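S.K.: just need the structure, nothing else, for what follows:
(2 chains)
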Amino acid sequence: MIWHHRYVKLVTVCTVLLIAAGGMVTSTASGLSVPDWPTTYGWNMFMFPLSKMVGGIRYEHSHRLIASSVGFMTILMAAWTWWVDPRRWVRRLGFAALGAVILQGVLGGITVLFLLPAPISIGHAGLAQLFFCLTLTLALVTSPGWKTAAAPVDDPMLRRVATATTLIIYIQILVGATMRHTQAGLAIPDFPYAFGHLLPPVWSAKIAIHFAHRVGALIVTLAILATTSHVFSHHRGRGELMRPALLLLLFLSTQVTLGAFVVWSHMDPVINTVHVVNGALVLGTSLVLTLRSCQVSMLGSRVRGFTGSPVHGLTGAEARP
Amino acid sequence: MSRKYTALACAALLATMTACGGSDSSTSARPASPAAAPDAKKVDASTAATITGKVLLEGTPPPNPVITMLADPVCASLNKGNVTSEAFVVDNGRLANVFVYIKDGLGNKYVFDTPTEPVTLNQKGCHYVPHVAGVRVAQPFDITNSDDTLHNVHAMPDRNLEFNMGQPVPGLKNTVTFTAPEVMIPFKCDVHKWMNAYIGVVDHPYFAVSGRDGTFELKTIPPGTYTIEAWHEKLGRQTQTVTLGAKDAKEITFTFKVQG
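M.R.: Model (predicted):
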């Protein structure tokens, strides 16, 4: 089981790499440098000569290769999870991840064939984050710490605020993806002001999308501060909550700084990509906090309210039928 | 029922992918420009007029950005020394690569034979050659690759259909046609970011691209009053109205200005 958990963690790390590779494709505007799919300039994707990976092809084809590798890894992850994990919902989670990665591949192909229509590209970006959330969830719930949790926190207020925060972060990521795929990243060219004002003096669809992302950053900041404040004030002694809370603040401050530098650097591809990846880490960390706040409910009704000795093994509700 | 819907979904997906898979021979486009009137006639060459002209640039243009081709060793080896973009090609105040054409005035009074001779856009030395060109609606437009590296050809029109095709080996040729007038259609290579070209699609033969000496010529124009437009990729558009009598030979000048 420990090797299974380690493998799921590896898939999660590879997913972050995949998001980074995808971010580089968009940031360098290389999405159409390989015009065909699933082939690459007529070659079988895996037979494409390395010597021909030049210019924008380097980013797009690398993204495809990493995506394929993650796809194969996900097949193994789903099968292995089904084989070793007795919890029905965890096994379903594995197959949900597999379905998501297949759909993600198809979306990636379609967006190339249709010349990057914004709705499909935004869907591709949004599903990437959901897939990351699925692998991260699997990594968390297969960890020894999760399965042998001593008296999981049962705090309805934390559950609500953490869940809301995670949802808000995801919506903000979708707005960011919309901004990227509608070329609105520099629709407002200055920061922290907008054309020298607090509010943009002129409006267009792109300016509105860009400004929405900035307002979204403010809302995300408030939501994260609300969640972390709650953890600091009510669960200071709980390491499993304090660690992600502190990490969340670190990633948040990094993310806001990166967002500013994206504008100041006129969308430098590397800064832009790190902003995308760090956004995923903000989402992932908030998700971990949310899952830990929901652990009691996820363990099943028989465990709810249990605050005594450690929960070992599995409840009847989780066991394989 | 579910099997039926699955089959339908697969068929739809297959059809979509087939339709989007690109073509090496032609590119369909949106509906063409309005057809000629029933009484439209050919231009009478004996009374036709000519416009000659030049394009001038006032002021000092910004230096063309230096292109770094390290992303592709083949391109780097083909371009020694300082390579710059082709945005401003200026010689002694004369501006090249300006697309000049009759924008308005012909109406649908005339019919013009569509040339069968193709216009060619070549990828050579990791540049598009020519950088600016014109082509008639429905005229064959050949896209060729002379480089020993991969190029993709990505056309981004507004009125015609966008396309993106790969040319991975030298000697490849794709022929496309455009069915709607559009000035200009940007072309780019997503592999080599510096590669771009602009193609003007018109439904008559009265267009030209200014040469290195800034000159151009529009021949065999029927008498009438016309709006002539000059387009430059960085400096935008200018128009002039010209009235031509029978056998007239008029000379016009477009003057673009840059700050500084």
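S.K.: quick one: classify residue 108 as helix, strand or coil.
M.R.: Picking chain A for this. State at A:Gly108, reduced to three classes by DSSP: H, G, I helix; E, B strand; the rest coil: helix.
S.K.: the intended chain is chain B.
M.R.: coil.
S.K.: could you measure from it over to B:Ala49?
M.R.: 20 Å (Cβ to Cβ, to the nearest Å). (Glycine included, C-beta is placed from N, CA and C.)
S.K.: neighbour-wise, which of the two wins?
M.R.: Neighbour count, other Cβ atoms under 10 Å in any protein chain shown: between B:Asn108 and B:Ala49, B:Ala49 has more, with 21 against 14.
S.K.: check contacts around that one.
M.R.: Residues in contact with B:Ala49 (Cβ atoms under 8 Å, 6 or more residues apart in numbering or on different chains) are B:Ile221, B:Pro222, B:Pro223, B:Leu244, B:Gly245, B:Ala246, B:Lys247, B:Asp248, B:Ala249, B:Lys250.
S.K.: can you get me a residue count around the second one?
M.R.: Residue neighbour count, defined by other Cβ under 10 Å, stands at 20 for B:Pro222.
S.K.: that one contacts B:Ala45, correct?
M.R.: No: here B:Pro222 does not reach B:Ala45: they are 9.5 Å apart, not a contact under Cβ atoms under 8 Å.
S.K.: could you list the low-pLDDT ranges of the stretch 151-260 of chain B?
M.R.: For the stretch 151-260 of chain B, residues meeting the criterion pLDDT under 70 lie at B:260.
S.K.: quick one: secondary structure of the spatially most central residue of chain B?
M.R.: Centroid check for chain B by Cα atoms, centre = their mean gives B:Ile199 as the closest residue, at 0.9 Å. On the three-state scheme (three-state DSSP), B:Ile199 is labelled strand.
S.K.: how about the contacts made by the nearest residue to it once chain neighbours are set aside?
M.R.: Among residues not flanking B:Ile199 along the chain, B:Ile185 sits closest, at 4.7 Å (Cβ to Cβ, 6 or more residues apart in numbering or on different chains). Going by Cβ under 8 Å, 6+ apart, B:Ile185 touches B:Ala155, B:Met156, B:Pro157, B:Asn160, B:Phe178, B:Tyr198, B:Ile199, B:Gly200, B:Val201.
S.K.: pick the one among those closest to B:Pro168.
M.R.: Nearest to B:Pro168 among the contacts of B:Ile185, counting by Cβ to Cβ, is B:Ala155 at 17.8 Å.
S.K.: the closest one pairs with what?
M.R.: B:Phe163, B:Phe187 (DSSP bridges).
S.K.: about what we covered before: isn't the residue nearest to the centre of chain B up against B:Val135?
M.R.: Yes: under the criterion of Cβ under 8 Å, B:Ile199 makes contact with B:Val135 at 6.0 Å.
S.K.: alongside chain A, which residues does chain B contribute?
M.R.: Contact residues (Cβ under 8 Å from any Cβ of the partner chain) of chain B with chain A: B:16-17, B:20-22, B:71-75, B:149-150, B:152, B:154, B:162-166, B:168, B:189-193.
S.K.: filter the residues you listed to the buried ones?
M.R.: The neighbour-count criterion (16 or more other Cβ atoms under 10 Å in any protein chain shown) marks B:71-72, B:74-75, B:149-150, B:152, B:154, B:162-166, B:168, B:189-193 among the residues of chain B next to chain A as buried.
S.K.: so which of those belong to helices?
M.R.: Among those, the ones falling in helices (DSSP state H) are B:Val74, B:Cys75.
S.K.: state the distance from A:Arg6 to A:Trp80.
M.R.: Distance from A:Arg6 to A:Trp80, by Cβ to Cβ: 11 Å.
S.K.: hmm, I typed the wrong one, I wanted B:Ala71.
M.R.: Where A:Trp80 is concerned, B:Ala71 sits at a distance of 40 Å (Cβ to Cβ).
S.K.: swap in B:Ala138?
M.R.: Following Cβ to Cβ, the distance that separates B:Ala138 from A:Trp80 is 59 Å.
S.K.: ok, residue 238 - how many residues close by?
M.R.: Chain wasn't specified; assuming chain A. Neighbour number of A:Arg238 under other Cβ under 10 Å is 16.
S.K.: think we crossed wires, I meant chain B
M.R.: Around B:Gln238 there are 16 residues (other Cβ under 10 Å).
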